[in-house]
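>>> sequence and predicted model, in that order:
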Amino acid sequence: MPLIHIKDVVKTYDMGAELVHALSGVSLDIEENEYVAIMGPSGSGKSTLMNVIGCLDTPTSGLYQFEGQNVGDLDDNELAEIRNRKIGFVFQTFNLLPRSTALHNVELPLIYAGMSSHRRRERAEEALTAVGLGDRMTHKPNELSGGQRQRVAVARALANNPSIILADEPTGNLDSKTGVEIMQLFSDLHTQGNTIILVTHEEDIAAHAHRVLRLFDGKIASDEKVESPLKYAQSV
């Protein structure tokens, strides 16, 4: 059974007098430990698909199963539980608390999960060490570079050992060199067994993935395996 199973998913939005079809019958499976990039121009539906996969939004019609569970049958609390325990989010804007240390920022989802303070700190330290920030745990976001802030965001996404890491334009606010470093981090995480779904409009970022989905007008225009995903050594 695939980790993610989407069948004939439609998502519409009522925009006053107009009904907007953001997704028009999307079907796809994503297996555990895949590394998938979702691409498409503005208005193609890629952000809507990301929101559906991340349980931030629910389909208007169609089937979405996450780990075999029908997401359409879940209430708001159950959806929040999946988002907190099963999905690690990484956003373009980092979304860090400015007055909190890197350690506390990474601990946040663990607080919501009800983890004990000792275990929480332990997991946060492990996650920060895993992204190369073992020596920056007490620093606040304004004391970190853009790349380091995004690493904190990745560590936060990893803290709960999620089933998938869902990254939305994770290099969008970074210079090209730092962006390459973050993509190397995602490649390392994939090698360690993480499932990664990346939303991007940049071809060079998508080239790191092992599979590229292209959306157009709310439909999957192409779904291709990448024969030779970009490696860090080729990018510098």
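Thanks, I have it. Numbers count the residues shown, from 1 in each chain.
>>> is G88 in a helix, a strand, or coil?
strand (DSSP: H, G, I helix; E, B strand; the rest coil).
>>> next: N95.
Strictly by three-state DSSP, N95 counts as coil.
>>> can you get me a residue count around the nearest residue to it once chain neighbours are set aside?
Counting by CB to CB, 6 or more residues apart in numbering, A153 is the residue found nearest to N95 once chain neighbours are left out, at 6.7 Å. Where C-beta positions appear, they are placed from N, C-alpha and C, glycine not excepted. Look at A153: counted by other CB atoms under 10 Å, it has 27 neighbours.
>>> repeat for M115
M115: 18 neighbours (other CB under 10 Å).
>>> and the helices in this structure?
Using DSSP state H, the helices of the chain run over 46-53, 76-86, 102-112, 117-130, 146-158, 176-191, 203-206, 232-235.
>>> quick one, which of those is nearest to D217?
Across the helices of the chain, D217 has its closest neighbour in helix 46-53 (11.5 Å, CB to CB).
>>> packing partners of the closest one?
For helix 46-53, the packing partners by 3 or more CB pairs under 8 Å, 6 or more residues apart in numbering; DSSP states H and E come out as strand 4-15, strand 18-30, strand 35-39, strand 164-168, strand 195-199.
>>> dump these into a markdown table; add mean pLDDT, distance to V226 and mean neighbour count as well.
Shown next, in a markdown table, are these (pLDDT from 0 to 100; distance: least, CB to CB, whole Å; neighbours: other CB atoms under 10 Å):
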| stretch | mean pLDDT | distance to V226 | mean neighbour count |
| --- | --- | --- | --- |
| strand 4-15 | 94 | 19 | 16 |
| strand 18-30 | 94 | 15 | 16 |
| strand 35-39 | 96 | 8 | 24 |
| strand 164-168 | 94 | 17 | 24 |
| strand 195-199 | 96 | 12 | 24 |
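>>> show me the shaky parts of this protein.
231-236 (pLDDT under 70).
>>> roughly how far apart are Q192 and N142?
According to CB to CB, to the nearest Å, Q192 and N142 sit 30 Å apart.
>>> now do G68
Distance, G68 to N142, by CB to CB: 43 Å.
>>> I4 too?
From I4 across to N142, the span is 37 Å (CB to CB).
>>> hang on, the earlier thing: and of the helices of the chain, who's closest to N33?
Closest to N33 of those, according to CB to CB: helix 176-191, at 7.2 Å.
>>> list the buried ones in that closest one?
T178, G179, V180, E181, I182, M183, Q184, L185, F186, S187, L189, H190 (16 or more other CB atoms under 10 Å).
>>> what does stretch 81-93 give?
For stretch 81-93, burial by neighbour count (16+ other CB under 10 Å) applies to I82, R83, N84, K86, I87, G88, F89, V90, F91, Q92.
>>> just to revisit the earlier point, now the helices of the chain as a markdown table including distance to E169?
Output for the helices of the chain, formatted as a markdown table (distance: least, CB to CB, whole Å):
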| stretch | distance to E169 |
| --- | --- |
| helix 46-53 | 9 |
| helix 76-86 | 19 |
| helix 102-112 | 20 |
| helix 117-130 | 21 |
| helix 146-158 | 11 |
| helix 176-191 | 10 |
| helix 203-206 | 8 |
| helix 232-235 | 18 |
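>>> which of those helices is buried the deepest?
Of all the helices of the chain, helix 146-158 carries the top mean neighbour count, a mean of 24, counting by mean count of other CB atoms under 10 Å.
>>> and the angle for that helix with helix 117-130?
When axes from the mean of the first three to the mean of the last three CA atoms, to 10 degrees is applied, the directions of helix 146-158 and helix 117-130 differ by 130 degrees.
>>> leaving out sequence neighbours, find the closest residue to G147.
Using CB to CB, 6+ apart, the closest residue to G147 is T178 (3.7 Å).
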